[in-house]
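Chemist: sequence first, predicted model second:
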Amino acid sequence: MYACLSAAQRRRGRSATVNAMAGPDPQHTTRNPVQSCPEPVHLTVLHETIERAVDTEAIFLALYRESGTAFWLDSTHAEPGLDRFSYLGDAAGPLAEVVRYRVGSGRVEIDRHDGPHTEPGTVFDYLASRLHQRRIEFPDVPFDFAGGYVGYLGYEMKADCGAPARHHAPTPDAQWIFADRLIVVDHVAGRTHLIVLSDAKNLAAGPRWMAVARAALDSLPARGPLARLDFPADEHAVRAHLTRGRERYLADIAEIDAQLRAGETYEVTLTDAAHVDADCDGLEVYRTLRRSNPAPYAAFLRFGELEIACSSPERFLRIDRDRMVESKPIKGTAPRGNTPAEDESLCRALESDPKTRAENLMIVDLLRNDLGRVCELGTVRVPALMRTETYTTMHQLVSTIRGRLRPDVDAVACLRACFPGGSMTGAPKLRTMDIIDALETEARGIYSGTIGFLALGGAADLNIVIRTAVRHDGRWRVGAGGAIVLDSDPEQEYHEMVLKAASALRAVTHVARQQAPAGRA
């Protein structure tokens with residue numbers, strides 16, 4: 001595993017060629033390597049199946065609404081071949097822990113039931129070490145997550161992946177929950193699974209939680225059609241709250257155009273953010289967002305006062321138990337049509353647009369390069385290049401890149417090698433991130449990062465954090481952006497950024513109006 005490499009493997013990592021497209025080798029950039037491997041801890045897995053798919057929103061409201069720290073990885077909009085599982089839980093179990101980290105601190109903060117702890121190193125070091133230490137016999141289930149870490153990496157974690165640190169986010173750069181109890185809903189097979197991890201000291205607690213959870217789920221409804229909320233995106237509301245605004249955004253595009261023509265970069269993902277001073281309930285915002293903008297890689301996370309409402313359509317990395325890794329970058333978006341003929345026309349126009357295809361191809365090349373640094377030689381393939389995936393509200397041009405991880409690379413090392421996702425940077429990655437840092441005036445924070453799980457047993461599933469609203473310090477932040485290339489039309493790029501921000505911002509403003517005191521709505 002990454003945290004416990006042999007001396008020969010470390011030497012190979014140090015001598016690896018540094019590729020300018022992606023950055024230094026992730027092993028080489030480890031700033032606080034784990035000095036020794038902890039003794040293995042063998043955990044017992046309890047598993048029960050309920051022969052119906054219980055409604056995930058009802059589960060969260062019944063069991064986790066009042067939890068100070070909780071997660072809901074929500075496959076809201078199940079499509080053939082996309083995610084079919086939703087995962088829910090909190091940090092109440094006896095083995096649970098909450099992990100926090102800020103870039104440059106040199107330490108990881110961990111809250112456990114026996115009190116706060118700190119560990120030297122980066123969050124990558126800590127997660128790799130703990131995942132390697134804890135061992136389970138995997139249950140007979142159709143999914144890859146039966147306990148492990150759930151959480152996020154913010155965009156500024158790039159500083160621990162070979163890029164410089166220019167901006168500093170007000171939120172922690174990474175937070176994770178070790179989930180020792182979770183509920184998994186299989187939307188395709190129509191089943192609900194209960195999972196408990198126990199050590200020798202807590203064997204009796206597992207069956208008790210199972211009984212309580214099963215009784216609670218028995219009273220909840222089965223999953224039904226998701227009631228849609230249709231309300232128009234308010235572009236004016238976005239423009240009024242942008243950090244840099246139209247004139248600065250257009251000026252930034254002009255500067256990027258100069259960099260493109262000088263050969264400094266091929267593509268730059270430029271972003272802005274809308275800030276809203278409305279302290280409304282994060283769970284209600286997410287419940288609104290999942291109805292107005294359903295997505296297969298959606299999530300709601302709560303870490304105390306920090307709440308994340310995410311409706312991402314994009315998978316960053318999936319690693320299965322057979323060590324196959326997959327990325328599915330999105331470049332190219334078109335709205336659905338009002339009639340079947342219009343819908344088909346919009347879809348075909350997206351597929352044939354030369355600018356969109358160029359954007360997509362450059363990110364595919366970048367990700368092939370990223371995965372090539374951690375995968376076995378000759379295994380990286382592109383089984384689907386620029387295929388259209390159709391969702392409730394949009395068509396998107398998606399490519400699929402796959403490979404098999406090398407034996408000396410674990411999920412955390414793969415994540416570190418590929419982070420941040422190329423669709424949120426541009427290419428070549430390191431130089432383009434420098435250009436972005438010079439233009440953007442604040443940290444992206446959680447937006448442009450990743451949310452998902454790192455599982456015991458070596459699997460992972462992580463999204464790209466887009467179409468997302470983040471609540472912190474009594475206000476909301478919604479980031480949005482788009483890829484700038486030589487053929488970009490500045491006004492169209494600005495309009496696209498505003499439309500993307502509107503999809504999440506409208507959920508915030510809708511709930512804020514509902515929850516405003518009388519006379520202030």
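Modeler: Structure received. Numbering: from 1, shown residues only.

Chemist: now residue 183: closest residue in space, sequence neighbours ignored.
Modeler: The shortest distance from residue 183 to any non-neighbouring residue, by C-beta to C-beta, 6 or more residues apart in numbering, is to residue 88 (4.7 Å). Heads up, the C-betas are built off the backbone N, CA and C, glycines and all.

Chemist: and the host helix or strand of that neighbour, which strands flank it?
Modeler: Using DSSP states H and E, residue 88 sits in strand 85-90. The strands beside strand 85-90 in its sheet (DSSP bridges) come out as strand 69-74 (antiparallel), strand 181-186 (antiparallel).

Chemist: what residues of the first one count as buried?
Modeler: Using 16 or more other C-beta atoms under 10 Å as the test for burial, strand 69-74 gives 69-74.

Chemist: now for those: which two are most distant?
Modeler: Taking C-beta to C-beta as the measure, the buried residues of strand 69-74 span a maximum distance of 16.8 Å, between 69 and 74.

Chemist: just the element for the closest residue to residue 418 other than its chain neighbours, please.
Modeler: Nearest residue to residue 418 in three dimensions, chain neighbours excluded: residue 370, at 4.3 Å (C-beta to C-beta, 6+ apart). For residue 370, the host element (DSSP H and E) is helix 354-372.

Chemist: tabulate the CA atom coordinates of that helix in CSV.
Modeler: Below are the C-alpha coordinates for helix 354-372, written out as CSV (Å, rounded to 0.1, in the frame of the first residue of the first chain):
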residue,chain,number,x,y,z
PRO,A,354,-15.9,21.2,-33.0
LYS,A,355,-15.1,23.4,-30.0
THR,A,356,-16.8,21.1,-27.5
ARG,A,357,-15.1,18.0,-29.0
ALA,A,358,-11.7,19.8,-28.8
GLU,A,359,-12.3,20.6,-25.1
ASN,A,360,-13.3,17.0,-24.4
LEU,A,361,-10.3,15.5,-26.2
MET,A,362,-7.8,17.6,-24.4
ILE,A,363,-9.1,16.5,-21.0
VAL,A,364,-9.2,12.9,-22.1
ASP,A,365,-5.5,13.2,-23.0
LEU,A,366,-4.8,14.7,-19.6
LEU,A,367,-6.5,12.0,-17.7
ARG,A,368,-4.9,9.3,-19.8
ASN,A,369,-1.6,10.8,-18.7
ASP,A,370,-2.7,11.0,-15.0
LEU,A,371,-3.8,7.4,-15.0
GLY,A,372,-0.8,6.3,-16.9
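
Chemist: what packs against that helix?
Modeler: Contact partners of helix 354-372 among helices and strands, from 3 or more C-beta pairs under 8 Å, 6 or more residues apart in numbering; DSSP states H and E: strand 267-276, strand 324-328, strand 330-335, strand 381-390, strand 394-404, helix 411-418, strand 426-427.

Chemist: help me confirm that residue 126 is found in a helix?
Modeler: Yes. Applying DSSP: H, G, I helix; E, B strand; the rest coil, one finds residue 126 inside a helix.

Chemist: that one contacts residue 117, correct?
Modeler: No. Using C-beta atoms under 8 Å, residue 126 is not in contact with residue 117; the gap is 10.4 Å.

Chemist: anything in contact with each of the two?
Modeler: Taking C-beta atoms under 8 Å, 6 or more residues apart in numbering as the contact rule, residue 126 and residue 117 both touch residue 110.

Chemist: which of the two has more neighbours?
Modeler: Here residue 126 and residue 117 are compared on neighbour count by other C-beta atoms under 10 Å; more neighbours surround residue 126, at 25 against 12.

Chemist: OK, contacts around that one?
Modeler: 99, 101, 108, 110, 119.

Chemist: and the pLDDT for the spatially closest residue to residue 50 that is not a sequence neighbour?
Modeler: Counting by C-beta to C-beta, 6+ apart, residue 50 lies nearest to residue 192, which is 4.2 Å off, once chain neighbours are set aside. Here, the pLDDT recorded for residue 192 equals 97.

Chemist: same check, this time on residue 223
Modeler: Looking at residue 223, its pLDDT reads 84.

Chemist: quick check: residue 134 vs residue 147, distance?
Modeler: Applying C-beta to C-beta, to the nearest Å, the value for residue 134 to residue 147 is 8 Å.

Chemist: what is in contact with the two at once?
Modeler: By C-beta under 8 Å, 6+ apart, the residues touching both residue 134 and residue 147 are 43, 456.

Chemist: just want to know which of these two has more residues nearby.
Modeler: Between residue 134 and residue 147, residue 147 has the larger neighbour count (other C-beta under 10 Å), namely 26 against 21.

Chemist: distance of that one from residue 180?
Modeler: Counting by C-beta to C-beta - residue 147 and residue 180 are separated by 6 Å.

Chemist: run the chain-centre distance for the host helix or strand of residue 152.
Modeler: Using DSSP H and E, residue 152 sits in strand 148-153. Between the centre of strand 148-153 and the centre of its chain there are 9 Å (C-alpha atoms, centre = their mean, to the nearest Å).

Chemist: helices along the stretch 101-250 of the chain, start to end?
Modeler: 123-133, 205-218, 235-241, 245-261 (DSSP state H, counting those that start in this stretch).

Chemist: residues contacting residue 50?
Modeler: 191-194, 214, 217.

Chemist: now the two most distant members of these.
Modeler: Taking C-beta to C-beta as the measure, the contacts of residue 50 have their most distant pair in 191 and 214, spaced 13.2 Å apart.

Chemist: of these two, who's got more company?
Modeler: Neighbours per residue (other C-beta under 10 Å) separate residue 191 from residue 214, with residue 191 holding more: 17 against 13.

Chemist: before we move on, which element is the closest residue to the more buried one other than its chain neighbours in?
Modeler: Nearest residue to residue 191 in three dimensions, chain neighbours excluded: residue 49, at 5.6 Å (C-beta to C-beta, 6+ apart). Assigned by DSSP H and E, residue 49 falls within strand 44-50.
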